[in-house]
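# Got a predicted model here, sequence first, then my questions.
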Amino acid sequence: MSFSTISVIGLGYIGLPTAAAFASRQKQVVGVDINQHAVDTINRGEIHIVEPDLGEVVKTAVTGGYLTASTTPVEADAYLIAVPTPFKGDHEPDMVFVEAAAQSIAPVLKKGALVILESTSPVGATEQMAQWLADLRQDLSFPQQAGEHADVNIAYCPERVLPGQVMVELIKNDRVIGGMTPVCSARASELYNIFLEGECVITNARTAEMCKLTENSFRDVNIAFANELSLICADQGINVWELIRLANRHPRVNILQPGPGVGGHCIAVDPWFIVAQNPQQARLIRTAREVNDHKPHWVMNQVKAMVADCLATNGKRASEIKIACFGLAFKPNIDDLRESPAMEIAELIADWHSGTTLVVEPNVHQLPQKLAGKATLATLTDALVEADVLVMLVDHKEFKAIAGDSIQQVFVVDTKGVWR
Ligand SMILES: NC(=O)C1=CN([C@@H]2O[C@H](COP(=O)(O)OP(=O)(O)OC[C@H]3O[C@@H](n4cnc5c(N)ncnc54)[C@H](O)[C@@H]3O)[C@@H](O)[C@H]2O)C=CC1
Ligand SMILES: CC(=O)N[C@@H]1[C@@H](OP(=O)(O)OP(=O)(O)OC[C@H]2O[C@@H](n3ccc(=O)[nH]c3=O)[C@H](O)[C@@H]2O)O[C@H](C(=O)O)[C@@H](O)[C@@H]1O
């Protein structure tokens, strides 16, 4: 059965590009979001998030009548759920948004529908979602009890696009398709092949759920190794950037880059889903999270020591010292401050320092609320001229354009090796 109407539940960084991709292939797409502002913005053919090339695709899709947004679900042939899956309490997966989304589509589900969970979820979440739907729609059969002949097909298909490259990777990346039955996987593959140029790789729901968590945990563990090296090298008087550059000349070594910590709401979140379900076995994954979450505090101690050196050298009082933080975003060349370790460090400095704290962030045009009254947004030029202590936090391209030998200050904490 072809998919004439497709509904995407959750129109954020993942759902909106996905909805736009289907609409760009002349499919009738109804996007659903509880955020009325998002719905209104999209229905005007505009976007409420930052992602290169997305605006044009949404504008064309809305203008062409292929994409509409609503706050309430409608009957559709396929539903893709891309709502948030944060953690709660002691890093427990919070499935409240997924449950609410399932409850919202249950009344409009019809025989032959396909429901795909895309949100990054703990193992077993898809089965749980199917149970929620079965409890709400006992007039329909689901894969758990009906197997291949279920009225409603269900699959888990994680998203792995990189922010800033979403509109390319959404089309090019291979997709892991985790159907609750082979028929579910076949239907899900048929749906994604409407726009996908990558390959649909078939597996089961639990393996697909674990695959997403594995990908991000692999990255987190490797970043933790680099961050641990940076602490050791600081104690040993070794340039960690030179060390990694040399070690990576080995044909089978590929050490990632140290930083001020790990940000974003994925790499810093998803590994906890594995730890929560496997607390005894997931020791390395837990430790990597702890190493990465500790890094901002280590950086703060480095800043305190550098300020003490500065005070001892130039005879100024602490209140006369100017500290400049370079970068607030969670990674280079983006404007997303969510879960940013750089932002965390800038706040720690602003709260601790009795003198002036300057912040330079080329991708934002006003001081974030959390720094209001405690820091001053400065231009790169002014910060380099005025500051006594420089704290490099994010390797934005604007900062990398400043040669290290042009830096006049000797009091520099460089967490990204931009200037040292
Ligand atoms: N942002 C990214 O680069 C990636 C995110 N993911 C995963 O995709 C999922 C979604 O992430 P994002 O799109 O970044 O989140 P987001 O926060 O940008 O968007 C989620 C949207 O869902 C809406 N929403 C919440 N509950 C709803 C409901 N019951 N019905 C309808 N809409 C609802 C929110 O209003 C919001 O607009 C998460 O599980 C995330 O881990 C996976 C890969 C990449
Ligand atoms: C395995 C993998 O690369 N996952 C990607 C990741 O995107 P995200 O932008 O969160 O990842 P990232 O570029 O590694 O950045 C995460 C954090 O890690 C830091 N980071 C990254 C690489 C590195 O060598 N050192 C380092 O400190 C970054 O500065 C940032 O704070 O998580 C995305 C997601 O799941 O949302 C996923 O779709 C993307 O494919």
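Yep, it's here. Numbering: from 1, shown residues only. Ligands and ions are numbered 1, 2, ... in the order given.
# Flag every residue of the stretch 251-400 of the chain that's near ligand 1.
Residues of the stretch 251-400 of the chain lying close to ligand 1 by C-beta under 6 Å from any ligand atom are Cys266. C-beta here means a position set from N, CA and C on the backbone, and glycine is covered the same way.
# Tell me which stretches of the stretch 251-400 of the chain form strands.
For the stretch 251-400 of the chain, the strands defined by DSSP state E, counting those that start in this stretch cover 322-326, 356-360, 376-377, 389-392.
# Figure out which of the ones you listed is closest to Thr287.
For these, the distance to Thr287 is smallest for strand 389-392, at 26.5 Å, taking C-beta to C-beta.
# That closest one and ligand 2 in contact?
No: counting by C-beta under 6 Å from any ligand atom, ligand 2 is not contacted by strand 389-392; separation bottoms out at 12.7 Å.
# Give the pairing partners of that strand; include direction for each.
Strand partners for strand 389-392, identified by DSSP bridges, are recorded as strand 322-326 (parallel), strand 412-414 (parallel).
# Please render those as JSON lines that adds mean pLDDT and distance to Val83 to the earlier fields.
Listed next are the strands paired with strand 389-392 as JSON lines, based on pLDDT from 0 to 100; distance: least, C-beta to C-beta, whole Å:
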{"stretch": "strand 322-326", "mean pLDDT": "98", "distance to Val83": "33"}
{"stretch": "strand 412-414", "mean pLDDT": "97", "distance to Val83": "39"}
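# Including mean neighbour count and distance to Glu209, could the strands of the stretch 251-400 of the chain go into a markdown table?
Output for the strands of the stretch 251-400 of the chain, formatted as a markdown table (neighbours: other C-beta atoms under 10 Å; distance: least, C-beta to C-beta, whole Å):
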| stretch | mean neighbour count | distance to Glu209 |
| --- | --- | --- |
| strand 322-326 | 27 | 38 |
| strand 356-360 | 24 | 39 |
| strand 376-377 | 17 | 42 |
| strand 389-392 | 26 | 38 |
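# So which of those strands is nearest Ile223?
Closest approach to Ile223 among the strands of the stretch 251-400 of the chain (C-beta to C-beta): strand 389-392, 17.4 Å.
# What mean pLDDT does that closest one get?
Across strand 389-392, pLDDT averages out at 98.
# Mind checking if the lowest-mean-pLDDT helix or strand in the chain is in reach of ligand 2?
Least confident helix or strand, the chain: strand 87-88 with a mean of 92, by mean pLDDT, DSSP states H and E. No: Strand 87-88 is not in contact with ligand 2 by C-beta under 6 Å from any ligand atom; minimum separation 13.8 Å.
# quick check, the helix or strand following that strand touching ligand 1?
Following strand 87-88 in sequence order, the next helix or strand is strand 92-93 (DSSP states H and E). No: Strand 92-93 lies apart from ligand 1 when judged by C-beta under 6 Å from any ligand atom; the minimum separation is 9.9 Å.
# Give me the residues contacting strand 92-93.
Strand 92-93 is contacted from outside by 85, 87, 121-122, 125, 272-273, 276, using C-beta atoms under 8 Å, 6 or more residues apart in numbering.
# Report the distance from that strand to the chain centre.
A distance of 16 Å separates the centroid of the chain from that of strand 92-93, by C-alpha atoms, centre = their mean, to the nearest Å.
# for stretch 336-350, same thing?
So, by C-alpha atoms, centre = their mean, the centroid of stretch 336-350 is 16 Å from its chain's centroid.
# Likewise for stretch 243-253?
Centroid separation between stretch 243-253 and its chain, computed with C-alpha atoms, centre = their mean, is 28 Å.
# now stretch 47-55
How far stretch 47-55 lies from its chain's middle: 15 Å, per C-alpha atoms, centre = their mean.
# repeat for stretch 34-42
Distance of stretch 34-42 from the chain centroid (C-alpha atoms, centre = their mean) equals 21 Å.
# Buried residues in it, which are they?
Residues of stretch 34-42 classed as buried: 34, 38-39, 41-42 (neighbour count, 16 or more other C-beta atoms under 10 Å).
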